[in-house]
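> Using only what follows, build the 3D model:
(one chain, ligands or ions: 1)
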Amino acid sequence: MTIHIGAQPGDIAQTVLLPGDPYRAKWAASTFLDDARLVNDVRGMLGYTGTWKGNPVTIQGSGMGMPSLSIYVNELIRDYDAKTLIRIGSCGAMQNSVKVRDVIIAMTASTISTPSRGIFRELQFAPCADWSLLSAAAKAAEAKGTRTHVGGIYSSDTFYDERPDLNEEMTRHGILGVEMEAAELYTLAARYGRRALAVLTVSDHLLTGDALPSDQRETSFGDMVEIALQSAFE
Ligand code: HPA
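Below is the predicted model:
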C-alpha cells in the first residue's frame, strides 16, 4: 500500500493503462480484461487488475493534470515496480488535418511546466515516448484501420486557458493535440528507465469547435484501449 494506492504488493501488473477518469478505468477493465478485480479505490481513483489475452494488466485512474498523474505514476513505479505505463485519454485537436474521433499517438509532449520542472532549471527537457511502444501502437492502429496521427502533442496545465497565444504557437509548430498529462508521464518514465506512451482519442477540436457526441464516446475510446493493449504485448 502507498499513500494514494491501496493495492497489496503483487496486486499491480507490470503493464498499467492510465485513463484520467476513474470511471473509464472501470469501463475499460470490464470491457477488455478477463477476471478484472478492483485493486484500488482510495479517493475514488479506481484501479483494476485482470488479464488481456492471458497477460496481466492494471488499469488505474490517474486523475486530471500532471500533478495528479505524477503522484500515481511515482507510486506505481517506485512501490509497485510498474514497467510499461500507457496513458489512454482524450485530447483536443490543434490541426485541421486531425478530426474528432481520430487517434493520436504522442511521439513527444511539449509543455511549459511539469511537476519535474524544478529538476531541469534552465534545461528544456524533451519528453518523448518509448520507441518500441510507439512503433507497435502505430502498427496496431494501421491494422485496425483507425484514423491515426503520430506526432507531437502539447501537455497544458490548464483546460480553461487564459493564454490562447500558447495554443496558437503549438498549432503553428505542427502540434497535433492538447491534453494535460503526457509530458510528466514521459519524464518520469525516462527518469526511472520505464516504457511509456500516450494513446489519445480526439474528443474536441480547438479550431472547428467540433466535439464527440456522448453516444459515440465508448466505441471511439475502445479503439484507443485496444491499440494501447496491443502495443504493450507485441
Ligand atoms: N484542453 C486540454 N485538455 C483536453 C482538451 C483540451 O481542449 N480536450 C481534452 N483534453
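> Quick check, pLDDT for the nearest residue to Thr51 once chain neighbours are set aside.
What sits nearest to Thr51 in space, not counting adjacent residues and going by Cβ to Cβ, 6 or more residues apart in numbering, is Asp34, at 4.9 Å. Glycine gets a C-beta too; all of them are placed from N, C-alpha and C. What the model reports as pLDDT for Asp34 is 98.
> ok, now which ones touch Asp34?
Counting by Cβ atoms under 8 Å, 6 or more residues apart in numbering, Asp34 touches Gly50, Thr51, Trp52.
> Tell me how far it lies from Leu229.
12 Å (Cβ to Cβ, to the nearest Å).
> Report the set of residues contacting both of these two.
Going by Cβ under 8 Å, 6+ apart, residues that sit against Asp34 and also against Leu229 are Trp52.
> re the thing from before, filter the contacts of Asp34 down to the buried ones, PyMOL style.
The buried residues among these can be selected in PyMOL (16 or more other Cβ atoms under 10 Å) with this line:
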select buried, resi 50+52
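> Just the contacts of Asp34: which are in strands?
Among the contacts of Asp34, DSSP state E puts Gly50, Thr51, Trp52 in strands.
> which SS state does the closest residue to the last one other than its chain neighbours fall under?
What that stands for is Trp52. Among residues not flanking Trp52 along the chain, Leu229 sits closest, at 5.1 Å (Cβ to Cβ, 6+ apart). Assigned with DSSP: H, G, I helix; E, B strand; the rest coil, Leu229 falls in the helix class.
> Ala106 now?
Looking at Ala106 with three-state DSSP, the answer is strand.
> Offset the numbering so it begins at 659, please.
In the new count, where the first residue is 659, that last one comes out as Ala764.
> Tell me the pLDDT of it.
98.
> got it, and Arg853?
Residue-level pLDDT assigned to Arg853 equals 98.
> so which of the ones in strands among the contacts of Asp692 comes closest to the ligand?
Trp710 (25.3 Å; Cβ to the nearest ligand atom).
> In contact with the closest one, which residues?
Phe690, Leu691, Asp692, Leu887, Phe891.
> change it to 10 Å
671, 673, 675, 687, 690-692, 694, 717, 883-884, 886-888, 890-891 (Cβ atoms under 10 Å, 6 or more residues apart in numbering).
> With Ile811 instead?
Applying Cβ under 10 Å, 6+ apart, we find Ile811 in contact with 749-750, 752, 762-769, 787, 828, 833-837, 840-841, 856, 858.
> repeat that with 6 Å
Shown in contact with Ile811 (Cβ atoms under 6 Å, 6 or more residues apart in numbering): Ala764, Ala767, Leu834, Gly835.
> Quick check, the second one in contact with Ser813.
Yes: between Ala767 and Ser813 there is a contact at 4.6 Å, judged by Cβ atoms under 6 Å.
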